[in-house]
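A.B. asks: Dropping a prediction and its sequence here:
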Protein chains: 2
Amino acid sequence: MAGKDTKGKILDSAEQLFAEMGFHGVSLRMVAEAAGVSISLVQYHFATKEQLYESVFERRIVTINHDRLRKLDQVEVESRRLKQRVDLEGVLEAFVSPTVLLARDKEAGGAVYAQLLAQLTNDPQPHARKVSRKYTDPIARQTMRVLHEALPDMDDSVLPWCYVFAVGAMIASISTTGRVGLLSEGKCDPDDVQKIVALLVPFLAGGFERVAELTDHAGRSKDEPAQVLNSRGKSPVTGGRKGARGQDKR
Amino acid sequence: MAGKDTKGKILDSAEQLFAEMGFHGVSLRMVAEAAGVSISLVQYHFATKEQLYESVFERRIVTINHDRLRKLDQVEVESRRLKQRVDLEGVLEAFVSPTVLLARDKEAGGAVYAQLLAQLTNDPQPHARKVSRKYTDPIARQTMRVLHEALPDMDDSVLPWCYVFAVGAMIASISTTGRVGLLSEGKCDPDDVQKIVALLVPFLAGGFERVAELTDHAGRSKDEPAQVLNSRGKSPVTGGRKGARGQDKR
DNA sequence: GTCTATATTTAGATAGAC
DNA sequence: GTCTATCTAAATATAGAC
């Protein structure tokens, strides 16, 4: 009967420790001690360290992925109802807000999960790539599909890059390094989720639209990508840029 | 005389291994074996694992930081010469291109360094925060200072957030997870640095400018931030948004 | 399900020879 | 500067008692 939520306690401890120190930084001993059980019990329930790591993700990700898919659906339904193109900020809000809001939900253990996710995103190791492919790639594909509906002229070779930029920005916004507080000398509160969402959504929208402006050309053949995107010896950005709006007084 | 570049060989091996497996994933034994020396020699030269980790960064970062500062200076000098506001895309290009270009410079070991940097960025552990504070914070402050010259009306509590978004996007663009290739089904080449820069710079510029449009209001008192940025119960983004350009045909 | 005990490997660090 | 040898602690994993 004590076995009721022993697995849950082990997962809690493991999640906390993996988030703080990464996969290799954590030993099963630490997990066992933090959970108040023996090492062998951890191995009894999860067999290996890798499987424990994966289980930690699985528990949280089902909820958050459900949230994200539901919000994405709403955006699509709304656009059909209004017979309008899918709203870019709507998609981006559906993309960022479930994760960002959870990331600072202390009760739900969100801060800890956020840090796990932050590690996962840029980690090339097999244990991390495996989890990423299994749990985050399906959402990524769905999100990109809806983004394509919001920006139908954006090229297939451009949208994935923008998506990657967006994921990177979102992850950075919820990472618990405390850097934004340090760099802003206290003027930015890393825990103000409403502000994060309120800045991140327009930031990303502005980014997507600017790139779309650069690469879409009404009537241009799909087979003839804009020259600015081809690799050349010289940086394609410094020469002949379009959006140098910062120069003139707005 | 054999001691000539033994330190260099050790650093090369350590860099490679730290990039692949992270700080805790690497043992001094692995480093020693990869470098073809004994463990004690590694400890003779670098004393502790943490110091070795720091030395790995130090070697690369002096060059790249010099590059970045020089480019930032150029942007400022150019703006004074033209008696114009600092160019936003110029700052962003100075911000991203040294890192992105190095990140795919195989001869200079850039790919490896890029992965190290990607880990560092979102890692809350002491060994990582220490390196970040020591080597990347000074550049961050300088970059933000010049960004402020490009966007003088952007609030002090907003610009650091946008900077963090930008760092996250850049790091994601050079991370060696291969995800962009996977998600684009081969349509995006993770090694096409020219394209990365050509997309990332306008993406970030569009983001900064969109946020600036939202938060700057000519003549508005600095003490009275725009309401959209205050925390409220409801998402401040979904209601009353400004930039829903995706809706109407452009 | 949960534990103790233990086997085996590997970790970071030091001492001292050359 | 570079090595071998060795120390002590800690890792994962297994066997078997309760």
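C.D. replies: Nice, thanks for sending it over. Numbers count the residues shown, from 1 in each chain, chains lettered A, B, ... in the order given.

A.B. asks: Quick check: residues of chain A near DNA strand C?
C.D. replies: With the criterion set to C-beta under 7 Å from any atom of the strand, chain A comes near DNA strand C through A:Ala2, A:Gly3, A:Thr6, A:Gly36, A:Val37, A:Ser38, A:Ile39, A:Ser40, A:Leu41, A:Tyr44, A:His45. (Each C-beta comes from the backbone N, C-alpha and C, glycine too.)

A.B. asks: Tell me which residues touch the closest residue in space to A:Gln43 that isn't next to it in sequence, please.
C.D. replies: If you skip the residues right next to it in sequence, A:Gln43 has A:Leu28 as its closest partner in space, 6.7 Å away by C-beta to C-beta, 6 or more residues apart in numbering or on different chains. A:Leu28 is in contact with A:Ile39, A:Val42, A:Gln43, A:Lys49, A:Leu52, counting by C-beta atoms under 8 Å, 6 or more residues apart in numbering or on different chains.

A.B. asks: Buried subset of those residues, written for PyMOL?
C.D. replies: A single PyMOL command is used to select the members of these judged buried by 16 or more other C-beta atoms under 10 Å in any protein chain shown:
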select buried, chain A and resi 42+49+52
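
A.B. asks: Tell me the one of the contacts of A:Leu28 nearest DNA strand C?
C.D. replies: Using C-beta to the nearest atom of the strand, A:Ile39 comes nearest to DNA strand C of the contacts of A:Leu28, at 6.4 Å.

A.B. asks: what's the domain layout of chain A?
C.D. replies: Recorded structural domains for chain A (assignment: automatic domain parsing) are A:1-47, A:60-216.

A.B. asks: ranking the ones you listed by burial, who's on top?
C.D. replies: Here the criterion is mean neighbour count by mean count of other C-beta atoms under 10 Å in any protein chain shown, and of the domains of chain A the winner is domain A:60-216, at a mean of 20.

A.B. asks: A:Leu72: what's its closest spatial neighbour, skipping adjacent residues?
C.D. replies: Excluding the flanking residues, the one nearest A:Leu72 by C-beta to C-beta, 6+ apart is A:Ala94, at 4.9 Å.

A.B. asks: Give me the pLDDT for the residue nearest the centre of chain A.
C.D. replies: With distances taken as C-alpha atoms, centre = their mean, the residue of chain A nearest its centroid is A:Val167 (4.2 Å). Looking at A:Val167, its pLDDT is 98.

A.B. asks: so who does the residue found closest to it once you drop the neighbours it is linked to in the chain touch?
C.D. replies: The spatially closest residue to A:Val167, leaving aside those adjacent along the chain, is B:Ala172, at 5.9 Å (C-beta to C-beta, 6+ apart). Applying C-beta under 8 Å, 6+ apart, we find B:Ala172 in contact with A:Thr121, A:Asn122, A:Val164, A:Phe165, A:Val167, A:Gly168, A:Ala169, A:Ile171, B:Ala118.

A.B. asks: Tabulate those residues (CSV), appending secondary structure and distance to DNA strand D.
C.D. replies: Compiled in CSV, the contacts of B:Ala172 are given as follows (DSSP: H, G, I helix; E, B strand; the rest coil; distance: C-beta to the nearest atom of the strand, whole Å):
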residue, secondary structure, distance to DNA strand D
A:Thr121, helix, 23
A:Asn122, coil, 22
A:Val164, helix, 32
A:Phe165, helix, 35
A:Val167, helix, 29
A:Gly168, helix, 30
A:Ala169, helix, 33
A:Ile171, helix, 26
B:Ala118, helix, 24
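
A.B. asks: Return the residues of chain A in contact with DNA strand D.
C.D. replies: Near DNA strand D, the residues belonging to chain A are A:Val26, A:Ser27, A:Leu28, A:Arg29, A:Met30, A:Ile39, A:Ser40, A:Gln43, A:Thr48, A:Lys49 when assessed by C-beta under 7 Å from any atom of the strand.

A.B. asks: next helix or strand past the host helix or strand of the fourth one?
C.D. replies: Under the criterion of DSSP states H and E, A:Arg29 resides in helix A:28-35. Secondary structure here is assigned by DSSP H and E; on that basis, the next helix or strand after helix A:28-35 toward the C-terminus is helix A:39-46.

A.B. asks: State the next helix or strand along the chain beyond that next one.
C.D. replies: Past helix A:39-46, heading to the C-terminal end, the next element that is a helix or strand (DSSP H and E) is helix A:49-81.

A.B. asks: how close does A:Phe46 sit to A:Ser13?
C.D. replies: Using C-beta to C-beta, to the nearest Å, we find A:Phe46 at a distance of 12 Å from A:Ser13.

A.B. asks: Distance of the one residue in chain A that gets nearest to DNA strand D relative to A:Gly207?
C.D. replies: Of the residues in chain A, the one nearest DNA strand D is A:Ser27, at a distance of 3.1 Å by C-beta to the nearest atom of the strand. Using C-beta to C-beta, one gets 41 Å for the distance from A:Ser27 to A:Gly207.

A.B. asks: Kindly report the same for A:Asp137.
C.D. replies: When distance is defined by C-beta to C-beta, A:Asp137 is 22 Å away from A:Gly207.

A.B. asks: and if you look at A:Pro160?
C.D. replies: Using C-beta to C-beta, one gets 14 Å for the distance from A:Pro160 to A:Gly207.

A.B. asks: re earlier: lowest average confidence across the domains of chain A, which one?
C.D. replies: For the domains of chain A, the bottom mean pLDDT is recorded on domain A:1-47, which sits at a mean of 89.

A.B. asks: roughly how far out does that one sit from the chain middle?
C.D. replies: For domain A:1-47, the distance from its own C-alpha centre to the chain's C-alpha centre is 26 Å (C-alpha atoms, centre = their mean, to the nearest Å).
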